[in-house]
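# my questions are about this predicted structure, shown below with the sequence.
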Amino acid sequence: MKAQQARQVQFVPTLFAVDVFSEGSAISQPGDLISDCQRRGAPLEGVATELRRLEAARHAELGELINAHYADLAAVSARLVGVAPALATLGEPVAALREALRELRERAAREVAAARALAERRCAARKRLEAVATLHEFATTLAGVSAVVDAPQRDGGVVQAPRACELEHAAHQTSVLAYLSEKTDFPLITTSRDRVWQLRKQLSRTLAAVFLAASRAQDADTLACVLRAFLALPASSKQKQQQQPKLRRPVTTFCREVVRPFMQKTVTMPLLERGVKGSSQGLAAILAGIVQWLEGPCRFVVSTARGVGEFPFLEGTCAELTAALSALPPIFAPGNSEVFHTNFSLATGLLASFETLCTTPAEVRKLRQDMAPLMSKWRLQVYLQSRTTEVAIMVERELAPNRLGLVGSPPPLPDNGFRCRATSAVLEAINYCWSEPVYIPELTPAFFRLTLQLAARYHRWLSDGVAAVVASTAAASSQDGKGASPKPEPTSAAGAAAAWTWAESTRAYVDSQRLASSLRGAVADAASARACAVYPQRTDGLSRALSAGLAHWSDALLAAAERLESALVTDAAAQCCAALKAVYGVMPSYRMTGRPVPDAASAYVTRVAPPLRELLAALRDADGGAECAARWAQGVMSAVADRFGDVCKELISTVFKTDDILKKMTKRGASPSIASASSSSPTPQLSQQPGGGSSSGASDTDKFLMQLYLDVEELGAQIDALGVPSFRSATFEPVKRLRACVAQGAALHKQYTAAKHET
């Protein structure tokens with residue numbers, strides 16, 4: 001029924017929206033609603049009516065909501081009955097508890113304040129006790145250190161190990177005193193600050209004296225205690241300002257009291273001048289004494305100190321050594337290269353002896369830095385210039401003229417396998433640069449550059465010689481030709497000299513190949529070994545770089561040798577081919593002369609091979625080898641055979657053309673004798689009446705062809721007689737082609753020989 005009544009009173013206005021009165025609406029005042037309704041044209045009477053109806057609907061909804069929850073409100077009211085009396089009953093104990101808690105808090109605050117005051121009194125008492133203890137400790141320590149420092153040395157001035165241990169303990173105590181005097185503000189302690197630093201100075205002097213005594217007596221335990229004591233001492237104000245290490249005092253003492261007197265006694269001018277004048281005997285004796293001292297007292301001190309800390313004893317020793325040796329300027333003079341090298345080698349050996357005292361690479365690097373001032377006094381560039389001048393004189397004496405000096409001519413040369421003085425001088429100069437009496441590790445790059453310069457100088461000399469040989473060959477060829485061509489200009493002043501002879505050229509050829517092999521082999525190995533010993537971290541890169549540089553000039557020498565070989569082969573071939581001019585006179589010797597059929601080679605053939613034989617003999621004297629001889633012989637005889645073949649083809653063609661002309665003349669009524677004397681058919685055919693002249697049945701052309709055949713065979717025999725292994729005419733292709741050119745003459749000679757035997 002109530003729900004039905006609620007649905008009956010539910011009302012929805014039509015002239016305005018229900019949510020105009022909700023929170024966030026634009027209409028917040030009644031005047032706004034009236035203005036809005038007037039703007040929309042809504043009648044105000046209707047709006048008032050709907051507002052009254054909406055108010056009634058809201059009152060109805062509120063009553064329904066109150067009725068729906070009335071039962072719950074009644075139940076809650078029933079349960080709250082009796083709560084007020086209970087609260088009244090509990091109020092009295094709570095009030096009593098609150099009062100007790102307030103009294104407890106007050107009593108606790110009073111007790112805490114009393115405890116805090118007691119703690120403050122105890123803290124003040126503790127600080128006073130600590131101050132007293134500090135003062136007592138300071139006074140006791142000060143007294144103990146004073147007793148140790150002021151105590152006289154025992155046992156005749158040599159401090160024993162217990163005394164050294166006491167000094168070490170005193171050093172630690174002095175460090176404590178210095179700390180207390182700097183960090184505390186007690187008047188008693190601050191007024192004793194000067195006394196503390198005075199004790200520190202006295203203790204430092206005492207430790208220095210003990211250090212000297214222990215180092216001279218080589219007492220390792222005492223020396224270690226003293227060094228530890230130096231480390232324990234507080235740093236002075238001067239050390240702090242100049243940032244000096246604590247170890248400066250023992251190092252300075254050692255250098256001043258031990259090293260410097262020893263150097264003044266050992267490194268002197270009278271000792272340097274002992275021995276042979278102008279030698280290194282005096283310096284060797286001085287450095288030997290220094291090395292002996294290094295192995296004795298110095299090694300003992302350095303090795304003992306290494307177990308305690310980083311003491312720069314070697315730095316001070318190097319400084320004293322540099323100062324002592326600098327007072328002897330003659331040892332650094334580069335005037336005599338041999339003496340300079342010996343002196344520098346002795347100094348390098350001394351540096352190596354110093355390096356034996358180092359145990360780590362870092363120590364070695366530091367030592368080399370300390371020795372750098374001494375090593376820089378040797379003027380290595382002046383020494384290098386002197387050695388370069390020696391090498392230049394040694395080489396230019398042999399390379400200046402274009403004509404070679406042969407081995408065996410005075411002065412005698414060492415037995416190094418070379419046949420030319422120039423090549424021998426260059427290799428000797430290269431080996432001289434890397435020899436023990438000349439080589440210096442610090443100049444490794446310079447010596448390698450000098451090696452490359454020597455190889456380049458020899459290459460230029462060889463190229464000039466080859467250019468002269470080529471120019472001479474070209475000039476000879478132009479004179480032999482129909483027209484003379486101008487002689488090529490020489491490439492340099494050396495090239496303007498006379499060209500090499502075959503003996504000189506072959507020796508230069510063989511020597512250049514051997515020198516190229518040495519550059520790739522022995523020289524590269526020696527240079528790489530030296531460089532890798534100086535720069536062990538860059539072994540692979542250095543080996544490749546050195547090998548590449550030497551290989552470049554090795555290839556250049558081989559290329560020049562190939563040009564020389566080509567020029568020699570061309571020259572020999574030209575001289576051999578010059579004898580073939582006589583081939584043109586063979587046919588005229590048979591044309592209408594009545595000469596008999598030839599049975600021997602022409603005389604000119606014997607003049608073909610001698611130039612080649614002479615060239616091979618020169619190559620054999622130069623130890624050129626069988627392979628090279630065969631290659632040269634093939635090159636020369638290939639040109640000779642080709643030239644001989646061309647001449648034979650030309651002459652045979654000319655002869656056949658002449659025969660054709662004579663045949664035509666016969667048909668026109670010419671003299672029969674002329675035609676019969678020269679007639680020949682392309683097909684070899686002889687009459688059966690052998691004999692001399694025309695009665696033999698062989699025409700002049702047949703005789704000419706047979707003569708060419710015999711000449712070719714004689715040339716092959718001379719090739720076989722050269723004595724060159726693996727070079728025979730039977731297997732030589734150019735000779736095969738030449739024999740093919742005279743095959744017709746070979747057939748005619750065979751027929752004639754057969755007919756002659758039958759007769």
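Nice, I can see it.
# contacts only, for Asn287.
To be clear, residue 287 is Leu; Asn isn't right here. Taking Cβ atoms under 8 Å, 6 or more residues apart in numbering, we find Leu287 in contact with 346-347, 349-350. Quick note: C-beta positions are derived from backbone N, CA and C, even for glycine.
# ok, 10 Å please
Neighbour list for Leu287: 266-267, 280, 321, 325, 331, 343, 346-347, 349-350, 353 [criterion: Cβ atoms under 10 Å, 6 or more residues apart in numbering].
# just the residues you listed now: which is nearest Thr253?
Thr253 has its nearest neighbour among the contacts of Leu287 in Leu321, at 17.3 Å by Cβ to Cβ.
# which ones are touching that closest one?
Residues near Leu321 by Cβ under 10 Å, 6+ apart: 259, 262-263, 267, 287, 290, 294, 314, 350, 354, 370-371, 374.
# and with 8 Å instead?
Contacts of Leu321 by Cβ under 8 Å, 6+ apart are 259, 263, 267, 290, 374.
# just the buried residues of the contacts of Leu287.
Taking 16 or more other Cβ atoms under 10 Å as the criterion, what is buried in these is 266-267, 280, 321, 325, 331, 343, 346-347, 350, 353.
# where's Glu565, which helix or strand?
helix 539-578 (DSSP states H and E).
# just the buried positions in that helix, please.
So, applying 16+ other Cβ under 10 Å, buried residues of helix 539-578: 542-543, 546-547, 549-550, 553-554, 556-558, 560-561, 563-565, 567-578.
# which helices and strands does that helix pack with?
helix 444-480, helix 502-518, helix 524-534, helix 610-621, helix 626-667 (3 or more Cβ pairs under 8 Å, 6 or more residues apart in numbering; DSSP states H and E).
# helices or strands up against the first one?
What that stands for is helix 444-480. helix 380-399, helix 421-433, helix 502-518, helix 524-534, helix 539-578.
# can I get the ones you listed in JSON lines with distance to Leu33 and mean pLDDT?
Shown next, in JSON lines, are the helices and strands packed on helix 444-480 (distance: least, Cβ to Cβ, whole Å; pLDDT from 0 to 100):
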{"stretch": "helix 380-399", "distance to Leu33": "113", "mean pLDDT": "89"}
{"stretch": "helix 421-433", "distance to Leu33": "119", "mean pLDDT": "89"}
{"stretch": "helix 502-518", "distance to Leu33": "120", "mean pLDDT": "89"}
{"stretch": "helix 524-534", "distance to Leu33": "108", "mean pLDDT": "84"}
{"stretch": "helix 539-578", "distance to Leu33": "100", "mean pLDDT": "88"}
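# which one of these lies closest to Asp659?
helix 539-578 (27.7 Å).
# now the element after the closest one, going C-ward?
helix 586-590.
# and that next one, how far out from the chain's middle?
Remark: helix 586-590 is offset 74 Å from the chain centroid, using Cα atoms, centre = their mean, to the nearest Å.
# can you pull the buried residues of it?
Result for helix 586-590 [16+ other Cβ under 10 Å]: buried residues 586-587, 590.
# okay if I get the residues you listed as TSV plus distance to Glu504?
Putting these into TSV (distance: Cβ to Cβ, whole Å) gives the following:
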residue	distance to Glu504
Val586	37
Met587	41
Tyr590	44
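# could you dump those residues to a markdown table with distance to Val395 and pLDDT?
Listed next are those as a markdown table, based on distance: Cβ to Cβ, whole Å; pLDDT from 0 to 100:
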| residue | distance to Val395 | pLDDT |
| --- | --- | --- |
| Val586 | 54 | 83 |
| Met587 | 58 | 84 |
| Tyr590 | 61 | 82 |
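# now the helix or strand encompassing Ala740 and helix 626-667, what's the angle there?
Using DSSP H and E, Ala740 sits in helix 733-741. Angular relation of helix 733-741 and helix 626-667 on a 0 to 180 degree scale: 20 degrees, by axes from the mean of the first three to the mean of the last three Cα atoms, to 10 degrees.
# quick check: mean pLDDT of helix 733-741?
Regarding helix 733-741, the rounded mean pLDDT is 85.
# give me the below-cutoff pLDDT ranges for the stretch 301-450 of the chain.
Scanning the stretch 301-450 of the chain for pLDDT under 70 picks out 309-310, 401-416.
# thought Ala327 was touching Val267?
Yes: Ala327 is within contact range of Val267, at 7.3 Å (criterion: Cβ atoms under 8 Å).
# give me the buried positions along whichever helix or strand Gly316 is part of.
Using DSSP H and E, Gly316 falls within helix 313-326. Neighbour counts over helix 313-326 (16+ other Cβ under 10 Å) mark 313-314, 316-322, 324-325 as buried.
# Gly624: which of those is nearest?
Leu325 (56.0 Å).
# am I right that Val724 is in a helix?
No: using DSSP: H, G, I helix; E, B strand; the rest coil, the secondary structure at Val724 is coil, not a helix.
# show me what contacts it?
616, 626, 629-630, 633.
# quick one, which of the residues you listed are buried?
Buried residues within these, counting neighbours by 16+ other Cβ under 10 Å: 616, 629-630, 633.
# make CSV out of those and add distance to His69.
Supplementary listing: those in CSV, determined by distance: Cβ to Cβ, whole Å:
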residue, distance to His69
Leu616, 141
Ala629, 137
Ala630, 134
Ala633, 138
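# greatest separation within those: which pair is it?
Largest pairwise distance in the buried ones among the contacts of Val724, by Cβ to Cβ, is 9.6 Å, between Leu616 and Ala630.
# for my notes, confirm Thr14 occurs in a helix.
No: with three-state DSSP as the criterion, Thr14 is coil rather than part of a helix.
# format the helices and strands packed on helix 444-480 as CSV; extra columns: distance to Lys649.
Shown next, in CSV, are the helices and strands packed on helix 444-480 (distance: least, Cβ to Cβ, whole Å):
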stretch, distance to Lys649
helix 380-399, 48
helix 421-433, 45
helix 502-518, 31
helix 524-534, 52
helix 539-578, 15
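# which one of the ones you listed lies closest to Ser478?
Taking Cβ to Cβ, helix 539-578 is the member of the helices and strands packed on helix 444-480 nearest to Ser478, at 10.5 Å.
# chain center to the closest one, what's the gap?
With Cα atoms, centre = their mean as the basis, helix 539-578 stands 28 Å off its chain's centre.
# try stretch 273-288
Using Cα atoms, centre = their mean, the offset of stretch 273-288 from its chain centre is 39 Å.
# what comes up buried for that stretch?
Judged by neighbour count using 16+ other Cβ under 10 Å, the buried positions of stretch 273-288 are 280, 282-284, 286-287.
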